[in-house]
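**Student:** Only the shape, not the letters, is given here:
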Ligand SMILES: [Zn+2]
């Protein structure tokens, strides 16, 4: 599941749109935050509204009008079709560290936010609820607990790729006799050919370079020692980082900024919602390809 957030702007309602091309002017109708192109006297095309339910696709021949579509795309100062904010959380699995932190520290709040995203469909958060969520986020940052965790980071971009709470360990792949995972001491690759015997460590590193080879295989090189191992897959998914990447795994006290890759998009969406007076739309879809960014 892939999570996307957006908030519509009020550019149509406030008439802050670029001049309408002359050929469409006789047919354009405004209704609050809805813009119609009305050729017949019936409303059969809407755009840039919170309520795009009117009309149906079968009745919208103008949807394919490239001139109108081109104008609509850039009709207000906001990108992505009248959206005051548009952002992504990414795969739903990226919320796991936050959910895990809450299990460990139930007093830190964020219940409103997590219950909102813990859905398998689309939903709206009203501006009033968005204001409550903003307060939750500020409390989360200001009352952040003393808790240790393992932070996996792409050093080049400074992007947090994953967080493990407390002494958690994570198994990334298990195939045949090989296991790949990480814990507070670093990434490990083990081979266990004989059940009942201790596994053999083939690779152990808390600072390594990951490069992708043809056929999606990957090469991991421990930076301090130069030791390397070739794997059938990259250990971190491609959507999270570009290759090659310089990855560190550190066990330390966590800070609110470690979670900003999750909290920043929410904060921006909630602020945009309160400012615009329009709801936050949360879309959960099967994969990123369902969306055009
Ligand atoms: Zn706008």
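**Tutor:** Okay, I see it. The structure displayed is predicted, hence computed values, not measured ones.
**Student:** tell me which helix or strand of the protein sits lowest on mean pLDDT?
**Tutor:** Taking mean pLDDT, DSSP states H and E as the measure, the chain has strand 46-47 as its least confident helix or strand, at a mean of 49.
**Student:** Check the offset of the helix or strand just after it from the chain's centre.
**Tutor:** Per DSSP states H and E, strand 46-47 leads on to helix 66-73 as the next helix or strand towards the C-terminus. Offset of helix 66-73 from its chain centre (C-alpha atoms, centre = their mean, to the nearest Å): 28 Å.
**Student:** So helix 66-73, near the ion or not?
**Tutor:** No - figure legend: helix 66-73 not in contact with the ion (C-beta under 5 Å from the ion); closest approach 11.4 Å. For the C-beta atoms, the positions are set from N, CA and C on the backbone; glycine is no exception.
**Student:** How about the closest residue to the ion within the stretch 101-250 of the chain, nearest residue that isn't a chain neighbour?
**Tutor:** Nearest residue of the stretch 101-250 of the chain to the ion: residue 127, at 16.5 Å (C-beta to the ion). Excluding the flanking residues, the one nearest residue 127 by C-beta to C-beta, 6 or more residues apart in numbering is residue 273, at 4.9 Å.
**Student:** now what about the helix or strand that contains that neighbour, what contacts it?
**Tutor:** Secondary structure from DSSP H and E places residue 273 in helix 260-276. Residues from elsewhere that reach helix 260-276, judged by C-beta atoms under 8 Å, 6 or more residues apart in numbering: 5-10, 84-85, 87-89, 94-95, 97-98, 113, 125, 127, 130-131, 133-134, 137, 140-141, 159-160, 256, 279-280.
**Student:** Go again with 7 Å.
**Tutor:** Residues outside helix 260-276 that contact it (C-beta atoms under 7 Å, 6 or more residues apart in numbering): 5, 7, 9-10, 84-85, 87-89, 94-95, 98, 113, 125, 127, 130-131, 133-134, 137, 159-160, 279-280.
**Student:** Now the buried members of these.
**Tutor:** Burial by neighbour count, judged by 16 or more other C-beta atoms under 10 Å, picks out 5, 7, 9-10, 84-85, 87-89, 94-95, 98, 113, 125, 127, 130, 133-134, 137, 160, 279-280 from the contacts of helix 260-276.
**Student:** Among those, which are located in helices?
**Tutor:** Among the buried ones among the contacts of helix 260-276, the members falling in helices (DSSP state H) are 98, 113, 127, 130, 133, 134, 137.
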